[in-house]
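Asker: predicted model follows, preceded by the sequence.
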Amino acid sequence: MTNFKTTTLIAALAIAAPAVAMAQAMADIDVNGDGVLTIDEMQAVFDDVSTDGFSAMDLNADGVLDVEEVQAAQEAGLMPEG
């Protein structure tokens, strides 16, 4: 029988795993390491990302994608996950 601490740890890891995977994917794309993705960084990995597509993902129109915008783009099907 699994004890409560083990069950809680497994549940926490299951919840955190997508966030960790997304953070790693962003780190792989974010070549300058500034924590956000530019259109050039996105197009280097996803060559089918257009200016309009990038703008649709850039919810606050600041010219870069932060973690929340990447997550929203993935959930909306605008950007592949992982």
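Answerer: Nice, thanks for sending it over.
Asker: what about residue 78, how many residues nearby?
Answerer: Look at residue 78: counted by other Cβ atoms under 10 Å, it has 16 neighbours. All C-beta atoms are positioned from the backbone trio N, CA, C, and that covers glycine.
Asker: just give the nearest non-adjacent residue to it, would you?
Answerer: With sequence-adjacent residues excluded and distances taken as Cβ to Cβ, 6 or more residues apart in numbering, residue 78 is closest to residue 57, at 5.4 Å.
Asker: before we move on, what about residue 42?
Answerer: What sits nearest to residue 42 in space, not counting adjacent residues and going by Cβ to Cβ, 6+ apart, is residue 49, at 4.8 Å.
Asker: got the contact list for the one you found?
Answerer: Listed by Cβ atoms under 8 Å, 6 or more residues apart in numbering, the contact partners of residue 49 are 39, 42, 43, 79.
Asker: which one of those has the most neighbours?
Answerer: The contacts of residue 49, ranked by neighbours (other Cβ under 10 Å): first place residue 79, 24 neighbours.
Asker: where does the closest residue to that one other than its chain neighbours fall, helix, sheet strand or coil?
Answerer: Residue nearest to residue 79 in three dimensions, not counting chain neighbours: residue 73, with 4.0 Å by Cβ to Cβ, 6+ apart. Applying DSSP: H, G, I helix; E, B strand; the rest coil to residue 73 yields a three-state assignment of helix.
Asker: wait, residue 73 sits on residue 65?
Answerer: Yes - taking Cβ atoms under 8 Å as the contact criterion, residue 73 and residue 65 are neighbours in contact, 7.0 Å apart.
Asker: any shared contact partners between the two?
Answerer: Listed contacts common to residue 73 and residue 65 are residue 57; contacts here mean Cβ under 8 Å, 6+ apart.
Asker: looking at the two, which one has more neighbours?
Answerer: Under the neighbour definition other Cβ under 10 Å, residue 73 and residue 65 were set side by side, and residue 65 has more, 26 against 23.
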